[in-house]
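Engineer: just a sequence and a predicted model for now, questions to come.
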Amino acid sequence: MSKFSQEVLTWYDKFGRKSLPWKVKSIPKKDRPYHIWLSEVMLQQTQVTTVIPYYQKFIASFPNLQSLASASQDDVLAHWSGLGYYARGRNLHKTAVSMWDDYQAIPEDFETLLALPGIGPSTAGAIMAQAFKQSYPILDGNVKRVLARYFAVDGWYGVSAVAKKLWAHSKEVTPQDRVDDYTQAIMDIGALVCKRSKPLCKDCPLHKKCKAFKTDRISELPHSKPKKNKPVKQAYVLCVLDKQTVYLQQRPPTGIWGGLWSFPEFSAQEYLNEYVEDNFSSELELIILDSFRHTFSHYHLDIHPHVLQLSDKIRTSKHTRQIQDSPAKYFPLQGELEVGIAAPVKRLLEDLSQLDL
Ligand code: SF4
């Protein structure tokens, strides 16, 4: 075992996170790979503290692979609502169905895992190491940071030569023994010690040989993605209220918030106005709420909400038709929805339930 992994494991024995809910001993042995896979998918781009309540909700409803595979996509996305990066939720469900159909288990093979939707090389490595104790390297965001600093790797990870170097370093330091603990340990060091800003180098088991620490290059490494200004897009959304219900439609399966439910959305004010004129009486007043911004990884979306309250006198039956071939219906405004919704839609629904119309 390398000195690096020895130091990491000694640190883990004292300070590592050993009681994460997907690692507790009470999980039946046969279900452990399922818990590891679920947690690893949730942890992609998301911190442990955010993941824990979602993970617990998932496990309460879908305690094993079979139950997740037999759930509807709507039900799975409803459980995912608020966790972001919704392609993960859709892929999780797709992968559960395919694993259950083909293997009735989480496959114990790196290449097979890698071929499944939503599982990249780092997630596949983390599953192999933690669920099956097989020595595979990982390279999630935390590990990239530790290795880029420890080995002083210059350049942004998105450049393939830089990614190759980091993968090679990860492979070189991943041990054969105790690889499950090592994998948790190196992620923990990244999250708890080698933090993005103000890393706790004095508490770090790697500081004696860490090149960034020794050469005072910590703030410079890892190099970040060259900055580009994000474009700003506009979304004009229509919140149709009928008594205590609200009209939502399901979005197409791919693209932003694919498969989730949201308000009818238009790229320009005039299209929203046309839609209202075509579907409702012009006697109804359109109320404009404050706009707000939602930021995705690659663009900003300025959301302009418009509210239309139907009245007993003025209600058109036309509007119950399906729009753009996607399912649509009225949902109760109060209480939890049993379908998936994105965070800005949730926020708007909360605002609508407070409105005094
Ligand atoms: S010594 Fe500091 S920079 Fe180097 S790996 Fe440890 S925490 Fe990170």
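Structural biologist: Yes, it's here.

Engineer: which stretches in the stretch 251-357 of the chain count as helices?
Structural biologist: 269-279, 343-354 (DSSP state H, counting those that start in this stretch).

Engineer: quick one: residues contacting Gln269.
Structural biologist: By CB atoms under 8 Å, 6 or more residues apart in numbering, the contact set of Gln269 is Tyr236, His304. C-beta: built from backbone N, CA, C; applies to glycine.

Engineer: how much space between it and the ligand?
Structural biologist: Separation of Gln269 from the ligand (CB to the nearest ligand atom, to the nearest Å) stands at 50 Å.

Engineer: over to Val162?
Structural biologist: Distance of Val162 to the ligand, computed by CB to the nearest ligand atom: 17 Å.

Engineer: hey, least reliable of the helices of the stretch 251-357 of the chain by pLDDT?
Structural biologist: Mean pLDDT is lowest for helix 269-279 out of the helices of the stretch 251-357 of the chain, coming in at a mean of 88.

Engineer: host element of the residue of the stretch 1-150 of the chain found nearest the ligand?
Structural biologist: Evaluated by CB to the nearest ligand atom, the stretch 1-150 of the chain has Arg149 as its residue closest to the ligand, separated by 3.9 Å. With elements delineated by DSSP states H and E, Arg149 resides in helix 141-150, which encompasses its position.

Engineer: and the strands in the stretch 151-300 of the chain?
Structural biologist: 232-242, 245-250, 261-262, 265-266, 286-288, 292-295, 300-310 (DSSP state E, counting those that start in this stretch).

Engineer: with distance to Lys94 added, can I get the helices of the stretch 251-357 of the chain in CSV?
Structural biologist: Shown next, in CSV, are the helices of the stretch 251-357 of the chain (distance: least, CB to CB, whole Å):
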stretch, distance to Lys94
helix 269-279, 32
helix 343-354, 22
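
Engineer: from memory Ala163 sits against Gly155, does it?
Structural biologist: No - taking contact to mean CB atoms under 8 Å, the distance of 9.1 Å between Ala163 and Gly155 leaves them out of contact.

Engineer: list the contacts for the residue nearest to Asp180 when sequence neighbours are not counted?
Structural biologist: Closest residue to Asp180 in three dimensions, ignoring its sequence neighbours and counting by CB to CB, 6 or more residues apart in numbering: Gln130, at 4.8 Å. For Gln130, the contacting residues are Lys23, Ile36, Glu40, Asp180, Thr183, Gln184, taking CB under 8 Å, 6+ apart as the criterion.

Engineer: okay, Trp167 and Gly125: tell me how far apart.
Structural biologist: Trp167 sits 10 Å away from Gly125, going by CB to CB, to the nearest Å.

Engineer: neighbour count winner among those two?
Structural biologist: Under the criterion of other CB atoms under 10 Å, the comparison of Trp167 against Gly125 puts Gly125 first, with 29 against 18.
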